[in-house]
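K.L.:
with the input below, show me the fold.
(chains A and B)
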Amino acid sequence: MKLLPLVLKNLLRKKTRSLLTIGSIVLPLFVICILGTLLRALEADPSGGKGMYRLIVRHKVSITNWLPGAYDPKIRNLPGVVETLRMNWFGGSYIDQSAKNQFARFSTSDADRLLKVFDEATVVEGSEAEWVNDRSGLLVGRQLMKRYGWKLGQKVAFKGDIYPITLELTIRAVFSAADESGVYFHHQAVEEALPRVKGFVGWYWLKTDSLAAAERVPKQIDAMFENSSYPTRSETEKEFQAMWVSMLGNVKLLVGSITTIIAIVILLIAANTMAMAARERVTEIAVLRVLGFTKEKILGLVLGESFALSVFGGALGLGLFVLLLPGFREGLVNSPMGAFGAGVRLFPEVLLLGFGVTVAVGLFAGLVPAIRSATRPITEGLRQVA
Amino acid sequence: MLGIPLKYNVRNLFVRKVTTTLTVLGIALVVAVFLCVMALGEGLTRVFTASGSEKNVLVLRQNSQSELQSGLGRDQIPLIRALPGIEKDADGKPLVSAELVVVLNLDKRDGGSSNVTIRGVEEKGMALRPQMKLTEGRPFVPGTSEVIVAESVAKRFKGAEVGQEIRFGAYRWKVVGHFDAGGTAPDSEIWTDSEGMLNTFQRGGFSSVLARTTDRAARDQFIAGVAGDARLALEGKVERTYYDDQTSTAAPIKFLGFFVGIVMAIGACFGAMNTMYAAVSSRTREIATLRALGFSRLSILFSFVLESIALAFIGGVVGCALAFLLVKVALSGVTGTTNFATFAEVVFAFRLTPQLLLTGIVFSLVMGFFGGLFPAGRAAFTKITAALRQVG
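P.N.:
Now for the predicted structure:
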């Protein structure tokens, strides 16, 4: 520890170099943290564990095929099922088709039960009853209200693409939950405008009373409809979300490899700095050895410098990341990928990863120069002319 | 003005082997990562830009952005067939195909599942897409629940080899052949006949109609004809345009490429700057000597910027070579992602184009320029007398 002042002094000798090296650690480390957070957010469960109790029942062929609404009582009567919901994807567009105006638009045939299944959501403005009792009422996520500056009681129009209709709905209630980027309305409003779609459901969303039921019920449901004209595939909400992530392709491998390469680049830059510093000090180190510094001390001196450099950069990078994360989340939530933004938060394991990269860089970048400096014979070091 | 020969700079790079190698590798990796991500985006974009013909018109319901959202009644088909402008095939039949698309959730070979488009076509479906070739097996026989599967789909999903059966509850499809569509949209699809599919899925109508028109004038006439018939409530889109509208699928990948590329380039630029500062400071006397010999400040500045650019250029070339090798060897297979406009998987391959390689080189030159500018400035403003007096 007595060496610490010397290590710091050494760092300050070439201020530009130290600053540039720290800079070249800060930015890539920031990218590593952002990528790590995205990856974790993809796997995160925005329902806070409640998704394990909920099931999604869809057509076996894919979610784009309809199921008959008549399955509802049959599913409802299964032991362990607490509540069921008939859900539909309306899709369509608000204002225009552009990416900035994309958000999820769902309709449900059972508005009165929505908040019983989607129970982590709480109504923060207006009231549930007002929304449930108004067939052209709209339930809006708080984030979305803010994004468009909507007011309670305002009318908004959605133009259909799957359904050739335009719906004009009145905002009756605002909900708060992890994912506040969607809207919900009565499917009856769609059916009134387009009677031929009556009786069809996009998927069932249900709540079970226990983990055991959440595991048992999907098999029962699928067996029940196996040989009907509308076979089903039932799974927990968690598995359902995992399917969406899997549909994106091998994101894990892509992001994982990018992260690894970034870490290697940081290492190369830091190693270069340390190699340059050690080379310039060959004579000096030999003098230190003559003065009585042991090989171990020289080793510690060079490694310590590399470590200090990397930890400074790492701390700044992590600090920058923690500081900018709320802004990044805000930006993501308001983008077409808003649903993914819901899962973004400060994951301790991401900070740990950033710290790990920092420590590894500090260690490996200084290793070769440190060993070479420590083991170079004094006479050779003194003979060298810079 | 007398310039300092480039040889001076290049030889200096070789003298400082370790530093040069580390810097070059750093820049090379940044360029390689950038290129690989961009090659991924390019491959995905190419599926859309290569698909669709200028002469084909896709008829969809008004406001529908994709075939999946669209729906046409059976009764509307004869009205569309009767419109003027449609080209006739060699056998005298019009080149029209009423099609139904449904997405199937299939299990991937590497785990997980994804949606794959199953497309029901009429007799002329294949003639309308001339890139398509059967590579194995035989065409499906209409009305028999037989399907042909794109080779790249068969590579990524389970149960799609010739002779196997794709099962879903009561549904059964026998795979009788594989096809290749030269990297265009059908390469992500499974094909069968549309009448059979209407029965299987108990659908009352089709998703879309694809028609070949004889020329540009006929095409415009056909599109106007579709729009003009109020009974139809449909619209005709040039097939080319339809696919162009879907290229935005690749936007997040390209954004990732630029984000990672630019931030990392700044990092690598700092690294190069470090290297160049060290180069300048260890050659202070040399520079002063050059100045004393009569080389101007400008030529010193120019010379060191050039040295930095040369350093980065080597990095750029190595990076391109690395990316090229990676894409050719490790990433040569097909990969896939979901196109959320059609809700189905798009299968594609990495694509490293000459333009991308050029971008990589330019990218490295920019890093070299900015990395060298300030150190070169310091070199150019070296005080001659002080520097010459300085020892070692």
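K.L.:
all the strands of the chain, residue numbers only.
P.N.:
In the absence of a named chain, chain A is used. In chain A, the strands defined using DSSP state E lie at A:54-59, A:67-68, A:81-89, A:104-108, A:122-126, A:137-141, A:155-159, A:166-176, A:182-186, A:200-201, A:203-208, A:232-236.
K.L.:
switch to chain B, please.
P.N.:
B:56-61, B:72-73, B:96-107, B:113-121, B:133-137, B:146-150, B:165-168, B:171-180, B:189-193, B:205-206, B:208-212, B:234-238, B:334-339, B:344-349.
K.L.:
the stretch 201-350 of chain A against chain B: which residues are in contact?
P.N.:
Proximity of the stretch 201-350 of chain A to chain B, by Cβ under 8 Å from any Cβ of the partner chain, involves residues A:225-229, A:231, A:233, A:242-243, A:246-250, A:254, A:258, A:261-262, A:264-266, A:268-269, A:271-273, A:275-276, A:280, A:337. Every residue, glycine included, has its C-beta placed from N, CA and C.
K.L.:
would a markdown table of the strands of chain B with mean pLDDT and distance to chain A be doable?
P.N.:
Formatted as a markdown table, those follow (pLDDT from 0 to 100; distance: least, Cβ to the nearest Cβ, whole Å):
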| stretch | mean pLDDT | distance to chain A |
| --- | --- | --- |
| strand B:56-61 | 95 | 6 |
| strand B:72-73 | 91 | 11 |
| strand B:96-107 | 93 | 4 |
| strand B:113-121 | 93 | 5 |
| strand B:133-137 | 96 | 23 |
| strand B:146-150 | 96 | 14 |
| strand B:165-168 | 86 | 5 |
| strand B:171-180 | 94 | 7 |
| strand B:189-193 | 96 | 12 |
| strand B:205-206 | 93 | 11 |
| strand B:208-212 | 96 | 14 |
| strand B:234-238 | 93 | 10 |
| strand B:334-339 | 87 | 4 |
| strand B:344-349 | 90 | 7 |
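K.L.:
what would those strands look like in CSV with mean neighbour count?
P.N.:
Listed next are those as CSV, based on neighbours: other Cβ atoms under 10 Å in any protein chain shown:
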stretch, mean neighbour count
strand B:56-61, 24
strand B:72-73, 19
strand B:96-107, 23
strand B:113-121, 24
strand B:133-137, 14
strand B:146-150, 25
strand B:165-168, 16
strand B:171-180, 19
strand B:189-193, 25
strand B:205-206, 20
strand B:208-212, 25
strand B:234-238, 21
strand B:334-339, 21
strand B:344-349, 26
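K.L.:
remind me, longest helix of chain A?
P.N.:
In chain A, assigned by DSSP state H, the helix with the most residues is helix A:295-333.
K.L.:
for that helix, buried residues please.
P.N.:
By 16 or more other Cβ atoms under 10 Å in any protein chain shown, the buried positions in helix A:295-333 come out as A:297-318, A:321, A:325, A:328-329, A:332-333.
K.L.:
how far does that helix sit from its chain's centre?
P.N.:
Distance of helix A:295-333 from its chain centroid, counting by Cα atoms, centre = their mean, to the nearest Å, is 22 Å.
K.L.:
which elements pack onto it?
P.N.:
Judged by 3 or more Cβ pairs under 8 Å, 6 or more residues apart in numbering or on different chains; DSSP states H and E, helix A:295-333 is in contact with helix A:4-13, helix A:15-43, helix A:251-280, helix A:282-290, helix A:338-341, helix A:348-375.
K.L.:
for the residue of the stretch 1-150 of chain A found nearest chain B, give me its contacts.
P.N.:
Proximity of the stretch 1-150 of chain A to chain B (Cβ to the nearest Cβ) peaks at A:Ser24, 3.8 Å away. Residues in contact with A:Ser24 (Cβ atoms under 8 Å, 6 or more residues apart in numbering or on different chains) are A:266, A:269-270, A:313, B:266-268, B:270-271, B:274.
K.L.:
which of the residues you listed lies closest to B:Phe168?
P.N.:
A:Ile266 (48.8 Å; Cβ to Cβ).
K.L.:
and that closest one, what is it in contact with?
P.N.:
So A:Ile266 contacts A:24-25, A:28-29, A:357, A:361, B:267 (Cβ under 8 Å, 6+ apart).
K.L.:
before we move on, what about B:Asp245?
P.N.:
B:65, B:341.
K.L.:
now stretch A:195-209: mean pLDDT?
P.N.:
The pLDDT scores in stretch A:195-209 average 93.
K.L.:
whoops, I mixed them up, stretch B:259-274
P.N.:
92.
K.L.:
quick check: buried residues in that stretch?
P.N.:
Buried-residue list, stretch B:259-274, by 16+ other Cβ under 10 Å: B:260-261, B:263-274.
K.L.:
may I have that stretch as PDB, with CA atoms only?
P.N.:
Extracted C-alpha coordinates of stretch B:259-274, given in PDB (Å, rounded to 0.1, in the frame of the first residue of the first chain):
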ATOM      1  CA  PHE B 259     -24.500   2.300 -32.000                       C
ATOM      2  CA  VAL B 260     -21.800  -0.300 -31.100                       C
ATOM      3  CA  GLY B 261     -19.700   0.700 -34.100                       C
ATOM      4  CA  ILE B 262     -19.600   4.400 -33.400                       C
ATOM      5  CA  VAL B 263     -19.000   4.200 -29.600                       C
ATOM      6  CA  MET B 264     -16.300   1.600 -30.100                       C
ATOM      7  CA  ALA B 265     -14.700   3.700 -32.800                       C
ATOM      8  CA  ILE B 266     -14.400   6.600 -30.400                       C
ATOM      9  CA  GLY B 267     -12.800   4.200 -27.900                       C
ATOM     10  CA  ALA B 268     -10.400   2.800 -30.600                       C
ATOM     11  CA  CYS B 269      -9.700   6.400 -31.700                       C
ATOM     12  CA  PHE B 270      -8.500   7.200 -28.200                       C
ATOM     13  CA  GLY B 271      -6.300   4.200 -28.300                       C
ATOM     14  CA  ALA B 272      -4.800   5.300 -31.600                       C
ATOM     15  CA  MET B 273      -4.300   8.700 -30.200                       C
ATOM     16  CA  ASN B 274      -2.300   7.300 -27.300                       C
END
